[in-house]
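Asker: Need the 3D shape of this:
(chains A and B)
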Number of protein chains: 2
Amino acid sequence: MSGPEGKARGRRGGGRAGNAARRMKSGAIEQMPWRLPVNADRPTEPLREEGVQAIHDGAMRILEGIGIAFYNDEARTLLKQAGCRVEGEQVFMDRAFVMEMVGKAPSRWTMTPRNPERQLVMGDNHILFGNVSSPPNYWDLELGRKVPGTREHCANLLKLTQVFNCIHFTGGYPVEPQDIHASIRHLDVLFDTLTLTDKVVHAYALGAERVEDAMEMVRLAGGLSHEDFEASPRMFTNINSTSPLKHDHPMMDGWMRMARRNQGLVVTPFTLAGAMAPVTMAGAVAQSLAEALSAVALAQYIRPGAACAIGTFTSNVDMKSGAPAFGTPEYMRATQMTGQMARFYGLPMRASGVCAANVPDAQAMWETCNSLWSAVQSCTNMVYHAAGWLEGGLIASPEKFVMDCEELQIIQRYMEPEICATGPAEIALEAIAEVGTDGHFFGIAHTQERYTTAFHQPFVSDWRNYEAFEAAGGAWTAERAHHLFKDIIAQFEAPEMPSDHRAALAEFVAKRKEDGGAPTDF
Amino acid sequence: MSGPEGKARGRRGGGRAGNAARRMKSGAIEQMPWRLPVNADRPTEPLREEGVQAIHDGAMRILEGIGIAFYNDEARTLLKQAGCRVEGEQVFMDRAFVMEMVGKAPSRWTMTPRNPERQLVMGDNHILFGNVSSPPNYWDLELGRKVPGTREHCANLLKLTQVFNCIHFTGGYPVEPQDIHASIRHLDVLFDTLTLTDKVVHAYALGAERVEDAMEMVRLAGGLSHEDFEASPRMFTNINSTSPLKHDHPMMDGWMRMARRNQGLVVTPFTLAGAMAPVTMAGAVAQSLAEALSAVALAQYIRPGAACAIGTFTSNVDMKSGAPAFGTPEYMRATQMTGQMARFYGLPMRASGVCAANVPDAQAMWETCNSLWSAVQSCTNMVYHAAGWLEGGLIASPEKFVMDCEELQIIQRYMEPEICATGPAEIALEAIAEVGTDGHFFGIAHTQERYTTAFHQPFVSDWRNYEAFEAAGGAWTAERAHHLFKDIIAQFEAPEMPSDHRAALAEFVAKRKEDGGAPTDF
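Answerer: Reported below is the predicted structural model:
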């Protein structure tokens, strides 16, 4: 039998992956260029207009009658000042206020990292993809087991994030480096992120110090004045409400700090239907929207026009075990329904590329492909966890990262309008007449002029026949991805950064470590 | 390291697959019931109206000016009699004739197998799925290598075809049994197909004898009179034009025989862009349509109202090796474009679930999922090769069959409108109020009343956490699918068939074998 095992060690993997790796120059894998994909397809919309109204009304009635708990005094004070009814920790918002605030939020905004060529557009028909965020554990084929994440694992995943052009931003830690003390972890990982990548970065809303440190480090990495940093979003945070119907203290604190400094704000309730939300998907979506819109309203009250987006993380649980499931039919429909609602509210939307699978195998890919296609079908603008996610987000895997990037490149090529061009040169009647009923199209001019760029070219897929595949060692996809991962790391070159920016970053990190970093009592 | 290898032999696979298999009763896996899925989603339409017109005009100009070679005297004689210009083997059809003939074709028709409860509807928004058809070779995890197909392999795949409710029809041989002489192969495999399954079957258009034998065996298996057999379609054939622009003799012969007996007719040009068709997808689609519509026109001339459908098998080749690629961005868009054209012509459409991968691994699933989702997005009515296909159709694999059925069940559950219901019971405000900001939804009545049927339940996916997955042996998906396959075969019970029908079938097969079967000089 043939497959991944017993081959990652020692023998080099054959196949396209190996070749692609060998073709790499200065860390550059043969791949599509960096671009901001535009999703021009009509979204898939399972809800009729009355369905949209029913979910909207449900969300509004939750905000008006059931209320959201804000475990943050400052947030409650502000919302009371805004005219909301506050009882203990519960805040009740009427729909007029919510819709007035939501109306102030832009439907389109940008984020500009230290490399302005990596500027991102959130909204319209743009769809952006980011790496896996926040797994505590790491798995790779050579280890063959689940281990706590380390700074080296994290740095390697950041290198993949930088190298693959189909990845547009870096989310939270691609794996949580548990070999760094929690008080200074954010400093070391952000230093690595800002020096190993030049893409838009994320800040965890985990207490004042972490958010402030992150904003300062992004400012220093870009050599920006405070004014320039705040002129338009340079980075973003993603907060999760504590479903059902709660916003906790540190997340709200970071949310408000980022709003005041005009940075990107994404709120993603984690509403597992049947656990933290109703078992019915429409109810789970309505609850998710209520939680998200309450945070958007707060941000818009603090800073009208603040750059907000609402995320969906609505899925179902395995009712036999209570375990979360991803890429399911219910997950896909919830994502599409949320897409309809995001357009109703005029807000950019975030979804995810996710799976429940524990290893980078077939199940991992059908679950991930289903979730990614639902992101496309819903006209999602930001796809979190799009590369490297396993075990419901508890494991980051470099093999899964490489596989996912193949699918992401397929999706981004799929969005290039030239595939469906129908001009005379594409209908190609002359070519068809030239070949007639005999011969083939390989050799003719119409083919020769186009073949090098006509089609998607994979980097980890093996398109050879079985005999050639076997002769090269019969490496299954996970093994080919493993070797490609190793080759990318071996040939990685960090993006350029002015030495004074780097020095300023290093100095800041050293000083903050002397100060003791951030509290870990959250 | 963990994975499929070294475990399929000996040890039982752990995980949901094993459990699902143990839960099986009389061959019945725990799965969704048999149903005819309805695809209510708006199709994805990459072509604007002018694009549809451009491809239509291209197809018509191919038929009018370039012509199609019909290597069948009777076909040419009929088409000449119909008013087409015939020069040697070339037939030229003007668009008025083509559109008049296409206008006679029904947009919806049925196929009724020996078990009338398995009646299929071709057209409208129905989407039907069939097993892999015609690979010469077989691969399973226990063998771990590619071997020529046998009658036993074929029978086992037919048993899977019968057991899985997400499979609606059986296409050609699920694997070509090379241990049966070609002259009588169709007799033995059709006997197995008609006795091991009660679903709609297919006849190869490979010479008069095979087609006539197949129709007679379907008639005998159903205990039908000739009149009943011809009253409405009982079975179908799928022919491939010999691209570019050719229809060969045996396929046309079978096509005309099936048309005269009022059976289902599907024509699927195999137009690999850059090889047998233009490198540009619009040109490949236009050529594919010209080839398909010329066969539809002939069928409608022979029998107005004949049950026709057009298939798409337009994909791209790897321009580095010439190997066909599947589930690519170009493949998906070609399928969607063909869907728009099928609706333009008012004809049911066939597509496929396909991949280039050689083993049932991650690549196999992202390629297959991409092709399956493009079938959904294009509002395809019949999905060929939807379970069990590997190596571009050169290998049939039972593990891939089981994995594909999981994705097919996901797609069919995805199409159930109740997922997106938005009535008060689904918005569930009372449940949300009951749980409030504390506690969870597991225990409440709203959940308890619904949880057993609320969500998709997989049979081969493992949704447990990594530790439970490891403790059970860490079986990767291919291994779990292998054990499920073995359990299904072990517990298979053939569908009931009246003994006199079975005897008539056996007698017919014996007699035809005495006669020497069918010629093998094709």
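
Asker: And the residue of the stretch 151-300 of chain A closest to chain B?
Answerer: A:Gly283 (3.4 Å; C-beta to the nearest C-beta). (C-beta placed from N, C-alpha, C; glycine too.)

Asker: check which helix or strand covers that residue.
Answerer: Take DSSP states H and E as the rule and A:Gly283 turns out to sit in helix A:281-302.

Asker: Just the C-alpha atoms of that helix, please, in CSV.
Answerer: Taking Å, rounded to 0.1, in the frame of the first residue of the first chain, the C-alpha atoms of helix A:281-302 are listed here in CSV:
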residue,chain,number,x,y,z
MET,A,281,-30.2,27.9,11.7
ALA,A,282,-32.4,31.0,11.2
GLY,A,283,-32.5,31.4,15.0
ALA,A,284,-28.7,30.9,15.2
VAL,A,285,-28.2,33.5,12.5
ALA,A,286,-30.6,36.0,14.1
GLN,A,287,-28.8,35.7,17.4
SER,A,288,-25.4,36.0,15.7
LEU,A,289,-26.5,39.2,14.0
ALA,A,290,-27.9,40.7,17.2
GLU,A,291,-24.5,40.0,19.0
ALA,A,292,-22.5,41.4,16.1
LEU,A,293,-24.7,44.5,15.4
SER,A,294,-24.6,45.5,19.1
ALA,A,295,-20.8,45.8,18.8
VAL,A,296,-21.0,47.6,15.5
ALA,A,297,-23.5,50.1,17.1
LEU,A,298,-21.1,50.8,19.9
ALA,A,299,-18.2,51.3,17.5
GLN,A,300,-20.2,53.7,15.4
TYR,A,301,-21.3,55.7,18.5
ILE,A,302,-17.7,56.0,19.5
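
Asker: Give the rounded mean pLDDT of it.
Answerer: When pLDDT is averaged along helix A:281-302, the result is 98.

Asker: tell me which residues in that helix are buried?
Answerer: For helix A:281-302, the neighbour count (16 or more other C-beta atoms under 10 Å in any protein chain shown) marks A:281-302 as buried.

Asker: re the thing from before, what are the neighbouring residues in contact with the residue of the stretch 151-300 of chain A closest to chain B?
Answerer: Taking C-beta atoms under 8 Å, 6 or more residues apart in numbering or on different chains, we find A:Gly283 in contact with A:Gly58, A:Ala273, A:Ala277, B:Glu426, B:Ile427, B:Ala428, B:Leu429, B:Ala431, B:Ile432.

Asker: and the residue nearest to the first one when sequence neighbours are not counted, what is it in contact with?
Answerer: So that's A:Gly58. Closest residue to A:Gly58 apart from its sequence neighbours, by C-beta to C-beta, 6 or more residues apart in numbering or on different chains: A:Ala286 at 3.5 Å. Applying C-beta under 8 Å, 6+ apart to A:Ala286 gives the contacts A:Ile55, A:Gly58, A:Ala59, A:Ile62, B:Ile427, B:Ala428, B:Ile432.

Asker: Could you double-check that the fourth one lies in contact with B:Glu430?
Answerer: No. With contact defined as C-beta atoms under 8 Å, A:Ile62 and B:Glu430 do not form a contacting pair (11.5 Å).

Asker: So these two - more neighbours on which side?
Answerer: A:Ile62 (27 against 15; other C-beta atoms under 10 Å in any protein chain shown).

Asker: Tell me the pLDDT of the more buried one.
Answerer: For A:Ile62, pLDDT reads 98.

Asker: Please tell me the pLDDT value assigned to A:Ile419.
Answerer: At A:Ile419, pLDDT is 97.

Asker: Ignoring the adjacent residues along the chain, who's closest to it?
Answerer: Per C-beta to C-beta, 6+ apart, closest to A:Ile419 is B:Arg333, 4.6 Å.

Asker: where does chain A have low pLDDT?
Answerer: A:1-28, A:521-522 (pLDDT under 70).

Asker: among the contacts of A:Gly283, which two are most distant?
Answerer: A:Ala273 and B:Leu429 (15.1 Å; C-beta to C-beta).

Asker: which of those two has more neighbours?
Answerer: A:Ala273 (34 against 19).

Asker: A:Ala282 is in contact with that one, correct?
Answerer: No. Because the distance of 9.7 Å does not satisfy C-beta under 8 Å, A:Ala273 is recorded as not touching A:Ala282.

Asker: the longest strand in chain A is where?
Answerer: strand A:382-387 (DSSP state E).

Asker: so what's the residue nearest the centre of chain A up against?
Answerer: What sits nearest the mean C-alpha location of chain A, by C-alpha atoms, centre = their mean, is A:Tyr384, with 1.8 Å. By C-beta under 8 Å, 6+ apart, the contact set of A:Tyr384 is A:Gly130, A:Ser133, A:Gly171, A:Asn238, A:Thr268, A:Gly311, A:Arg350, A:Ala351, A:Ser352, A:Gly353.

Asker: State whether the last one and A:Gly388 are indeed in contact, as I suppose.
Answerer: No. Taking contacts as C-beta under 8 Å, A:Gly353 lies outside contact range of A:Gly388: 9.1 Å.

Asker: Disregarding residues adjacent in the polypeptide, which is nearest to A:Met349?
Answerer: A:Ala342 (3.8 Å).

Asker: Run a quick neighbour tally on that neighbour.
Answerer: A:Ala342 - counted by other C-beta under 10 Å - has 26 other residues nearby.

Asker: A:Arg343 now?
Answerer: Quick note: A:Arg343 (other C-beta under 10 Å) scores 16 neighbours.

Asker: Roughly how far does it sit from A:Val52?
Answerer: Using C-beta to C-beta, to the nearest Å, one gets 9 Å for the distance from A:Arg343 to A:Val52.

Asker: Using CSV, write out every CA atom in stretch A:204-217.
Answerer: What follows is stretch A:204-217, C-alpha atoms only, in CSV (Å, rounded to 0.1, in the frame of the first residue of the first chain):
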residue,chain,number,x,y,z
TYR,A,204,-5.9,40.3,19.7
ALA,A,205,-8.4,42.2,21.9
LEU,A,206,-7.0,40.6,25.1
GLY,A,207,-6.5,43.5,27.4
ALA,A,208,-5.4,47.1,26.9
GLU,A,209,-1.7,46.3,26.8
ARG,A,210,-1.8,43.8,24.0
VAL,A,211,-4.0,46.0,21.8
GLU,A,212,-1.9,49.1,22.4
ASP,A,213,1.4,47.2,21.9
ALA,A,214,0.1,45.8,18.6
MET,A,215,-1.0,49.2,17.3
GLU,A,216,2.3,50.8,18.3
MET,A,217,4.3,47.9,16.7
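
Asker: Fine by me, we can end here.
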